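K.L.:
just need the structure, nothing else, for what follows:
(one chain, ligands or ions: 1)
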Amino acid sequence: MSTSHNETVLAAQGLVMRFGGITATNHVTLNLKKGARHALIGPNGAGKTTLVNLLTGVLQPTEGRITLEGRDITGLAPHQRVARGMVRTFQINQLFDSLTPLQTLALTVSQQSGLGAKWWQALGQSKPVAERCAQLLEQFHLTEVMDQPTRVLAYGKRRLLEIAIALACEPRVLLLDEPVAGVPAGEREELLQTVAALPADVSVLLIEHDMDLVFSFANYMTVLVNGTLLTEGTPDQIANDPQVKAVYLGHGEEANAAGPLQGAKAPSGGSAAPAGAGSMGANPHG
Ligand SMILES: Nc1ncnc2c1ncn2[C@@H]1O[C@H](COP(=O)(O)OP(=O)(O)OP(=O)(O)O)[C@@H](O)[C@H]1O
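P.N.:
You can find the predicted model right below:
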């Protein structure tokens, strides 16, 4: 890792989010370094979604400050943050359902290139738009399904399209929100490989329950518990942290004897999942 990786691109300082009497985010400070593969983990209700909503501008913090590349973005709307280079993976909605991956990406790339609503013309006429779309379709294993309506795509392909759309916005900071959640086993590998191959110059914050993905992807981790930052460090440090083990092992039956982090060998170089790593007993839906 080069020294440029010490540069912070996204910083949250002393973030507090209160919903009435509930403190969902409790003085959280987080620094996303340039080119980082940074995972945000924590059991259900830890405050991960709230923190992402604060970072992306969906929520305004009760206290604290957020800076992107050194500039204060705390008061900016979500679309203004996207324009500044911070993008979150999009959930496919009804609009995109009827479009094909090629049309969806053409729309996004055209808007990104300032061609706006002329995207359908741009697709035929603009070589750069067509080339960028072809590149993204290839990179995200969508070429063979590029002319099918999104609604008929396999779920894994839809998740790939979500990340492709985000990347079409040319982000410098990418927030990946549970990219493998709900993806069937047979489609996971393609998704994991694609996520691993994201451009090195894009700084990534990954919010994920799946510890296979977290430990194979991240070079740094932040652990949230009850809205508070419990600890942060390299995958080796996190896998061997007694406090982290206690949090997950104290997480009910899901954290069974063969369960996550128990006896986990810290992966050297952070490149392998710890033995028994799975959902870390923190299934968001269960
Ligand atoms: N709009 C809201 N109003 C009231 N309480 C909220 C609101 N949003 C979140 N909370 C509370 O804040 C806490 C943190 O929730 P959050 O969804 O951010 O956690 P999480 O780590 O994303 O959980 P999960 O892994 O289950 O998705 C929870 O106690 C939750 O009930």
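K.L.:
pull the contacting residues for Arg151.
P.N.:
Neighbour list for Arg151: 97-98 [criterion: Cβ atoms under 8 Å, 6 or more residues apart in numbering]. Every C-beta, even on glycine, is put in place using the N, C-alpha and C of the backbone.
K.L.:
what comes up buried for stretch 62-80?
P.N.:
Neighbour-count burial for stretch 62-80, counted by 16 or more other Cβ atoms under 10 Å, picks out 64, 66-69, 73-74, 76.
K.L.:
widest-spaced pair of these?
P.N.:
Using Cβ to Cβ, the two most remote members of these are Gly64 and Glu69, lying 17.8 Å apart.
K.L.:
what about the residue of the stretch 51-200 of the chain found nearest the ligand, how many neighbours?
P.N.:
As assessed by Cβ to the nearest ligand atom, the ligand sits closest to Leu51 within the stretch 51-200 of the chain, at 6.8 Å. Applying other Cβ atoms under 10 Å, we find 28 other residues in the vicinity of Leu51.
K.L.:
mind listing what it touches?
P.N.:
Counting by Cβ under 8 Å, 6+ apart, Leu51 has contacts 12, 15, 17, 25, 28, 30, 40, 224.
K.L.:
tell me which element it is part of?
P.N.:
Using DSSP states H and E, Leu51 sits in helix 48-56.
K.L.:
what's the following helix or strand after that helix?
P.N.:
Sequence order places strand 63-68 as the next helix or strand after helix 48-56, per DSSP H and E.
K.L.:
need the CA coordinates for that next one. PDB is fine.
P.N.:
Presented in PDB, the C-alpha positions along strand 63-68 are these (Å, rounded to 0.1, in the frame of the first residue of the first chain):
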ATOM      1  CA  GLU A  63     -24.500  16.800  16.000                       C
ATOM      2  CA  GLY A  64     -21.200  16.400  14.200                       C
ATOM      3  CA  ARG A  65     -19.600  17.000  10.800                       C
ATOM      4  CA  ILE A  66     -18.900  15.200   7.600                       C
ATOM      5  CA  THR A  67     -16.200  16.200   5.100                       C
ATOM      6  CA  LEU A  68     -15.500  14.800   1.700                       C
END
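K.L.:
please tell me how far stretch 47-61 is from the chain's geometric centre.
P.N.:
13 Å (Cα atoms, centre = their mean, to the nearest Å).
K.L.:
likewise stretch 132-139?
P.N.:
A distance of 20 Å separates the C-alpha centroid of stretch 132-139 from that of its chain, computed with Cα atoms, centre = their mean.
K.L.:
buried set for that stretch?
P.N.:
Buried residues in stretch 132-139, counting neighbours by 16+ other Cβ under 10 Å, are found at 132-133, 136-137, 139.
K.L.:
these in helices, which ones?
P.N.:
Counting by DSSP state H, the buried residues of stretch 132-139 place 132-133, 136-137, 139 in helices.
K.L.:
the closest residue to Leu32 other than its chain neighbours: neighbouring residues, count only.
P.N.:
In space, and not counting its chain neighbours, Leu32 is closest to Leu10: 4.0 Å by Cβ to Cβ, 6 or more residues apart in numbering. Neighbour count of Leu10, defined by other Cβ under 10 Å: 25.
K.L.:
tell me which other helices or strands the host helix or strand of Leu10 touches.
P.N.:
Taking DSSP H and E as the criterion, Leu10 maps to strand 8-19. If contacts are counted by 3 or more Cβ pairs under 8 Å, 6 or more residues apart in numbering; DSSP states H and E, strand 8-19 sits against strand 22-33, helix 48-56, strand 63-68, strand 203-207.
K.L.:
okay, the residue of the chain positioned farthest from its centre and Tyr248: tell me how far apart.
P.N.:
Distance from the C-alpha centroid of the chain peaks at Gln125, with 33.2 Å (Cα atoms, centre = their mean). From Gln125 across to Tyr248, the span is 54 Å (Cβ to Cβ, to the nearest Å).
K.L.:
Ile22 now?
P.N.:
Note on Ile22: its distance to Tyr248, by Cβ to Cβ, is 22 Å.
K.L.:
now Leu105, what's its secondary structure?
P.N.:
Put simply, Leu105 is helix when judged by DSSP: H, G, I helix; E, B strand; the rest coil.
K.L.:
I'd say it and Ala166 touch.
P.N.:
No - counting by Cβ atoms under 8 Å, Leu105 sits too far from Ala166 to count as a contact (11.0 Å).
K.L.:
neighbour count: the two, which is higher?
P.N.:
Comparing Leu105 with Ala166 by other Cβ under 10 Å, the one with more neighbours is Leu105, at 28 against 22.
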